[in-house]
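>>> Take a look and give me a structure for this.
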Amino acid sequence: MHDNQRIVLASRPQGAATAENFQLQTLPSPDLQDGQVRVRHHFLSLDPYMRGRMNEGKSYAAPQPLGEVMIGGTVGEVVESHSSRFAVGDQVVGMGGWQLYSVVDAEQPGALRKVDTRHVPLSHYLGAVGMPGVTGWHGLVRIIEPQAGQTVVVSAASGAVGSAVGVLAKVRGCRVVGIAGGSDKCAYVTNELGFDDCIDYRLHDSAASLSKALKLACPQGIDGYFENVGGMLLDAVMLRMNAFGRIAVCGMIAGYDGQPMPMAHPALILVQRLKVQGFIVSEHMQDWPPALKELGELVGSGRFRPRESVAQGLAAAPEAFLGLLKGRNFGKQLVRLI
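Model (predicted):
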């Protein structure tokens, strides 16, 4: 019997999320039934989508239940198995949640996936070679549909999703411009990820000012925009979009605390004949194999060097998550659990 620590959603946020919305519990981990495995988590993924799940309102997914372990991607090792599909010692990725151990029905399709860590570190299967990377791949390849020579702009460019979008767009011959918060993040985006330029949005107090910076960075206009933030950033980019431009809407982190986010220039969707499409990556499972293959090759070869921010210990997860929502992380936000 293993004692299991877990973090549950104790209350729903009223406005901004706080540490008091979470509760750390210690409970015995149940015995295994036939077909089940016990996974010891090594890393927990923290992602912006979790903030939306904390609300009770209608969204694309069911709300996080109160009193239940917080949802979240995990990588770890099988430490006990009653399944012929997994052996003790297998390294796996799944949705184990904010806890040290999970008991998983190994017969359920997609519940666990074995991973190869010979060329890709285990933690990257929660980032560049995991859900965030596939998210970037789908939005870029299927919605923006970049062509060589076109200009692609990416918000939250140093993050887990944005960094993947930029690297994938460069591979396809695009001019790539990032938007990030701070000079250190912008230096990483250009010097290590290979973007052509990066704009520090913190230097601009209005959409008009940011749009002027985009005009300099994107002299041929913007053909594709990968949106992670919304608000002022979207307004600024809209002013520079070319006719028949494509906008992939992945996230709106600027509005996750419930504030309204009006668009300043919606008429440009019509005038410039723009395609604006939101998407949820879990609805496009057919894209996971080709995306993971390409991303794994890029990371394994060293052409994509993802950055990670790692908090230590399960108890640190709430504050790390709140920092992620405020842009304090640098790259993929993880929690080391072992």
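
>>> residues touching K170, list them.
Each residue near K170 by CB atoms under 8 Å, 6 or more residues apart in numbering is listed here: V176, G194, F195. In short, each C-beta sits where N, CA and C put it, glycine included.

>>> Repeat that for G245.
G221, I222, D223, G224, Y225, Q272, L274, K275.

>>> go with 6 Å
G245 sits next to D223, L274 when contact means CB atoms under 6 Å, 6 or more residues apart in numbering.

>>> And it, its phi and psi?
The phi/psi pair for G245 (degrees, to the nearest 10) reads phi -70, psi 160.

>>> Tell me how far it lies from L24.
Between G245 and L24 the distance is 46 Å, computed by CB to CB, to the nearest Å.

>>> Next: L239.
Using CB to CB, one gets 46 Å for the distance from L239 to L24.

>>> Give me the more crowded residue out of these two.
Set L239 next to L24 and count neighbours by other CB atoms under 10 Å: L239 wins out with 18 against 15.

>>> Just the pLDDT for that one.
Reading off the confidence values, L239 has pLDDT 98.

>>> Just the pLDDT for the spatially closest residue to it that is not a sequence neighbour.
Spatial nearest neighbour of L239, excluding adjacent residues (CB to CB, 6 or more residues apart in numbering): S211 at 4.5 Å. pLDDT for S211: 98.

>>> which residues of the stretch 151-300 of the chain score low on pLDDT?
Applying pLDDT under 70 to the stretch 151-300 of the chain flags the ranges 257-258.

>>> list the contacts for the residue nearest the centre of the chain?
By CA atoms, centre = their mean, the chain has its centre lying nearest to P132, at 4.0 Å. Shown in contact with P132 (CB under 6 Å, 6+ apart): A160, V161.

>>> Could I get the phi/psi values of it?
Phi and psi for P132, reported as degrees, to the nearest 10, are phi -60, psi -40.

>>> got it, and the one 10 residues further on?
Note on R142: its backbone torsions stand at phi -90, psi -30 [degrees, to the nearest 10].

>>> how far away is it from F226?
According to CB to CB, R142 stands 12 Å off from F226.

>>> Could you do I280 as well?
Look at I280 and F226: by CB to CB, they are 15 Å apart.

>>> With neighbour numbers in mind, choose between the two.
Ranked by neighbour count (other CB under 10 Å), I280 and F226 place F226 first, with 32 against 13.

>>> Can you name the residues bridging to that one?
F226 has these beta-bridge partners by DSSP bridges: V154, A248.

>>> give me every residue that touches it.
In this structure, F226 makes contact with G139, V154, V165, A248, judged by CB under 6 Å, 6+ apart.

>>> Any figure for the gap between it and V8?
On the measure of CB to CB, F226 and V8 end up 33 Å apart.

>>> related to what we said a few turns ago, which among the contacts of F226 gets closest to I338?
V165 (30.5 Å; CB to CB).

>>> so the closest one makes contact with V141?
No - using CB atoms under 6 Å, V165 makes no contact with V141, being 9.8 Å away.

>>> if you count what's nearby, which of those two comes out ahead?
Comparing V165 with V141 by neighbour count (other CB under 10 Å), the higher total belongs to V165, at 34 against 19.

>>> Just confirm that one is within a helix.
Yes - judged by DSSP: H, G, I helix; E, B strand; the rest coil, V165 forms part of a helix.

>>> who touches it in this structure?
Residues near V165 by CB under 6 Å, 6+ apart: G136, L140, V154, F226.

>>> Tell me the spatial nearest neighbour of it, not counting adjacent residues.
In this structure, V165 finds its nearest non-sequential neighbour in G136, 4.1 Å apart by CB to CB, 6+ apart.

>>> State the number of residues packed around the one you found.
30.

>>> what does L9 give?
The tally of other residues near L9 (other CB under 10 Å) stands at 23.

>>> Give me the phi and psi angles of it.
L9 adopts backbone torsions of phi -80, psi 110, taken as degrees, to the nearest 10.

>>> That one and P65 touch, don't they?
No - L9 lies out of contact with P65 (CB under 6 Å); the separation is 7.2 Å.

>>> wait, G72 sits on L44?
Yes - contact between G72 and L44 holds when scored by CB under 6 Å: they sit 5.4 Å apart.

>>> residues contacting the closest residue to S123 other than its chain neighbours?
In this structure, S123 finds its nearest non-sequential neighbour in F43, 4.9 Å apart by CB to CB, 6+ apart. Neighbouring residues of F43 by CB under 6 Å, 6+ apart: V75, S123, L126, L334, R336.

>>> Compute the distance between F43 and G278, please.
Look at F43 and G278: by CB to CB, they are 28 Å apart.

>>> quick one on the thing from earlier: give me the secondary structure label for the residue nearest to V165.
Following three-state DSSP, G136 is assigned to helix.

>>> Domains in the protein, by residue range?
3-127+306-336, 131-282 (automatic domain parsing).
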